[in-house]
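Student: Here you go, sequence then predicted model.
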Amino acid sequence: MQEYQAVRNNPHKLPEAIYRRTVNTIRCYSIRKEQLERLNNGVDASLFVKFKSGKGATRGTEFRGMARAMIAQEMEAIDDALLIVPTEYRKAVLSSIEHPRTKNATPHAHRNTISRWRSRFIHRVAVNTGLIFEDMENTEEL
């Protein structure tokens, strides 16, 4: 079964490349969370290659700082986008993206409802990460 985004009556339809990139960013959310914890604790310096500059000085601290900022920015974009989804559907929306082939996580919600909030959530993550720009006229629809 191929994953797709709704085309008909979907004001939040994204170009295919941006859609795939956004979905992959959301799927890596739990991995990024663990990486950020390891970076903040100073445990996982092996995530990044240490480049040498000049007379053999490593720039590992600089690269860890840049990676920490990048990961935190991605996580903040996802967390902010999750706020538009009603609380009773958040778990189902995230699990439908992270594990697309599993059943609905909320049995009381119809799959069309989850799909609608899923497309809004993916669109908002794309806006928050700067992959697309939102029209100011469409903000009241969310």
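Tutor: Perfect, thanks for sending it.

Student: Where does the prediction get shaky in the chain?
Tutor: Residues of the chain meeting the criterion pLDDT under 70: 1-4, 6-8, 43-60, 103-107, 135-142.

Student: And the helices in it, which stretches?
Tutor: With helices called from DSSP state H, the chain shows them at 16-27, 29-41, 60-82, 87-98, 111-129.

Student: Quickly compare these and say which is most buried.
Tutor: Per residue and on average, the most neighbours among the helices of the chain fall to helix 111-129, with a mean of 20 (mean count of other CB atoms under 10 Å). C-beta: built from backbone N, CA, C; applies to glycine.

Student: Output it as PDB, nothing but the C-alphas.
Tutor: Taking Å, rounded to 0.1, in the frame of the first residue of the first chain, the C-alpha atoms of helix 111-129 are listed here in PDB:
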ATOM      1  CA  ARG A 111     -10.200   7.500   9.700                       C
ATOM      2  CA  ASN A 112     -11.400  10.500   7.600                       C
ATOM      3  CA  THR A 113     -11.200  12.700  10.700                       C
ATOM      4  CA  ILE A 114      -7.600  11.500  11.400                       C
ATOM      5  CA  SER A 115      -6.700  12.000   7.700                       C
ATOM      6  CA  ARG A 116      -8.100  15.500   7.700                       C
ATOM      7  CA  TRP A 117      -6.100  16.500  10.800                       C
ATOM      8  CA  ARG A 118      -3.100  14.600   9.500                       C
ATOM      9  CA  SER A 119      -3.000  16.700   6.300                       C
ATOM     10  CA  ARG A 120      -3.400  19.900   8.300                       C
ATOM     11  CA  PHE A 121      -0.600  18.900  10.700                       C
ATOM     12  CA  ILE A 122       1.800  18.000   7.800                       C
ATOM     13  CA  HIS A 123       1.000  21.300   6.100                       C
ATOM     14  CA  ARG A 124       1.700  23.200   9.400                       C
ATOM     15  CA  VAL A 125       5.000  21.400   9.900                       C
ATOM     16  CA  ALA A 126       6.000  22.300   6.400                       C
ATOM     17  CA  VAL A 127       5.200  26.000   7.100                       C
ATOM     18  CA  ASN A 128       7.000  25.900  10.500                       C
ATOM     19  CA  THR A 129      10.200  24.400   9.000                       C
END
